[in-house]
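Visitor: Predicted model, plus sequence, below.
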Amino acid sequence: MRLSTLIVRKLSIDLKQGFARHWFGGDAFRSQLFNATSMTFPQGEQFFIDSVRDALPLIESPELCEQVRGFIGQEATHRHLHAQYNAELERQGLHYVLQRWIAWRIRQSSKVSLASRLAVTAAFEHYTALFAQVTLNGRLGLERADALPRLLWSWHSAEELEHRAVAFDVYRAIGGGALRRVAWFAYVSLLFTIDLTVQTTHNLYRDGQLLRWRTWAGALSYYVGRRGLAWVLVPHVLAYFSPRFHPLRHGDDGLATAWFTQYRDRYSELKA
Ligand SMILES: [Fe+2]
Ligand SMILES: [Fe+2]
């Protein structure tokens with residue numbers, strides 16, 4: 001278990017100036033997939049925050065409590081900036097169609113135990129860490145993206161990589177077991193895939209790109225091209241089913257550290 005202090009960073013970025021529709025190097029599919037992901041963040045990250053906050057009184061380790069507070073600070077900052085990003089998407093005519101469905105699911109989650117809510121959070125955090133890894137290591141081609149959204153996504157990715165073990169460690173600290181963890185991971189994998197497919201398809205429809213062959217050629221290349229996501233996703237998804245899984249055995253801390261160093265002039269530290 002690694003328990004370094006998490007820093008909350010305030011990014012210097014003005015999202016009100018807006019960005020292009022196909023900000024991801026002119027690629028409609030990647031732009032709308034990332035946009036769909038961003039739309040889910042304000043609700044999803046609030047759920048993560050609430051789950052780990054509810055666990056705080058049950059955690060004995062002061063170091064892990066400190067990590068939880070850092071995690072909450074980082075996710076709250078992500079929510080804040082992605083809400084601004086999503087407001088620009090609204091201005092572009094893109095609507096978040098999953099809002100009520102996800103709100104309903106979150107309300108239903110009050111009927112399950114804290115351990116189960118933490119298992120859901122840890123599952124999503126595995127996906128965000130995987131996504132962060134391939135965003136920062138160049139596999140997705142984010143370097144081709146416009147500067148403003150690239151800054152937001154790379155900052156968010158660096159912090160996701162940095163705090164990727166917190167929800168998992170909290171889950172284990174309150175006595176969560178492997179069976180519950182992998183059962184909720186299977187549930188999250190299915191729901192997350194459906195959610196992203198529905199929202200991305202809707203975004204492409206609103207964008208007038210849904211029925212263009214270039215869009216779907218882009219989707220094929222994104223998932224199963226030579227540097228496609230599937231080839232990295234599958235082994236890391238399967239690894240989560242191992243009873244010995246731990247997030248710190250997956251993902252490259254150096255990518256996050258390199259980003260924090262390279263972009264030091266683009267953020268201020270709110271607390272250490
Ligand atoms: Fe986040
Ligand atoms: Fe996170």
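Guide: Received the coordinates, thanks. Ligands and ions are numbered 1, 2, ... in the order given.
Visitor: mind checking the SS state of residue 9?
Guide: Put simply, residue 9 is strand when judged by DSSP: H, G, I helix; E, B strand; the rest coil.
Visitor: Name the residues of stretch 104-120 that come out as buried.
Guide: 106, 114-120 (16 or more other C-beta atoms under 10 Å). Glycine gets a C-beta too; all of them are placed from N, C-alpha and C.
Visitor: Farthest pair within those?
Guide: Spatial extent of the buried residues of stretch 104-120 (C-beta to C-beta) is set by the pair 106 and 115 at 16.9 Å.
Visitor: What is the nearest of the buried residues of stretch 104-120 to ligand 1?
Guide: residue 120 (14.9 Å; C-beta to the ion).
Visitor: which one is the closest one nearest to, not counting chain neighbours?
Guide: By the measure of C-beta to C-beta, 6 or more residues apart in numbering, the closest residue to residue 120 outside its immediate chain neighbours is residue 184, 5.1 Å from it.
Visitor: Thought residue 122 was touching residue 48, still the case?
Guide: No: between residue 48 and residue 122 there is no contact under C-beta atoms under 8 Å: 9.3 Å.
Visitor: With neighbour numbers in mind, choose between these two.
Guide: A count of neighbours by other C-beta atoms under 10 Å puts residue 122 above the other of residue 48 and residue 122, at 29 against 25.
Visitor: any idea which element the more buried one lies in?
Guide: According to DSSP states H and E, residue 122 maps onto helix 114-136.
Visitor: chain center to that helix, what's the gap?
Guide: In terms of C-alpha atoms, centre = their mean, to the nearest Å, the centre of helix 114-136 is found 7 Å from the chain centre.
Visitor: Using PDB, write out the CA atom coordinates for the one helix or strand in the chain whose mean pLDDT sits lowest.
Guide: Here the helix or strand of the chain ranked lowest by mean pLDDT, DSSP states H and E is strand 267-271, holding a mean of 87. Output of strand 267-271 as PDB, limited to C-alpha atoms (Å, rounded to 0.1, in the frame of the first residue of the first chain):
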ATOM      1  CA  TYR A 267      -1.700  24.800 -11.700                       C
ATOM      2  CA  SER A 268      -1.500  25.900  -8.100                       C
ATOM      3  CA  GLU A 269      -1.500  23.600  -5.100                       C
ATOM      4  CA  LEU A 270      -4.600  24.100  -2.900                       C
ATOM      5  CA  LYS A 271      -3.400  21.900   0.000                       C
END
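Visitor: before we move on, the earlier item: I'd like the average pLDDT over the helix holding residue 122.
Guide: Per-residue pLDDT values over helix 114-136 give a mean of 97.
Visitor: Packing partners of that helix?
Guide: If contacts are counted by 3 or more C-beta pairs under 8 Å, 6 or more residues apart in numbering; DSSP states H and E, helix 114-136 sits against helix 28-55, helix 147-162, helix 166-173, helix 178-206, helix 230-239, helix 253-262.
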